[in-house]
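> Below is the structure, and that's it, no one-letter string:
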């Protein structure tokens, strides 16, 4: 079965950190660009960060720049999103997406809640 599985979400206090993982099964991520998206209650899904399949170039939304870091470990077939200095406005369900020009996959989502 071809799927992406996110893990690492949870409840954290403001200023804390979490690392999300996105593991692929049934296919290799080597040739896929990977993006992290999030959707907060009542809001549209928004792009957070992405990493290319070719040269590893990265993109970050202004709201997370300097706090989040995306990385990929092709040997483990996994992509990570390290989230530091979390804020209450980062609370959302986080989704990973793997895409090429021919196919795209979405994970099931991981809840991240930032609250004191």
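Sure thing, it's come through. All values derive from a computational prediction rather than experimental measurement. Residues are numbered from 1 along each chain as shown.
> Report how many residues lie close to the closest residue to residue 16 other than its chain neighbours.
Counting by CB to CB, 6 or more residues apart in numbering, the nearest residue to residue 16 once its immediate chain neighbours are dropped is residue 86, at 5.4 Å. Using the backbone N, CA and C atoms, a C-beta is placed for each residue, glycine as well. When neighbours are defined as other CB atoms under 10 Å, residue 86 has 22 of them.
> beta partners of the closest residue to residue 60 other than its chain neighbours?
Counting by CB to CB, 6+ apart, the nearest residue to residue 60 once its immediate chain neighbours are dropped is residue 49, at 5.0 Å. When assigned by DSSP bridges, residue 49 has beta-bridge partners residue 36, residue 60.
> Same check on residue 4?
Per DSSP bridges, the residues bridged to residue 4 are residue 24, residue 107.
> Let me see the contact set for it.
Residue 4 makes contact with 22-25, 96-98, 105-108 under the criterion CB atoms under 8 Å, 6 or more residues apart in numbering.
> again, only using 6 Å
Shown here is residue 4, whose contacts under the criterion CB atoms under 6 Å, 6 or more residues apart in numbering are 22, 24, 96, 98, 105, 107.
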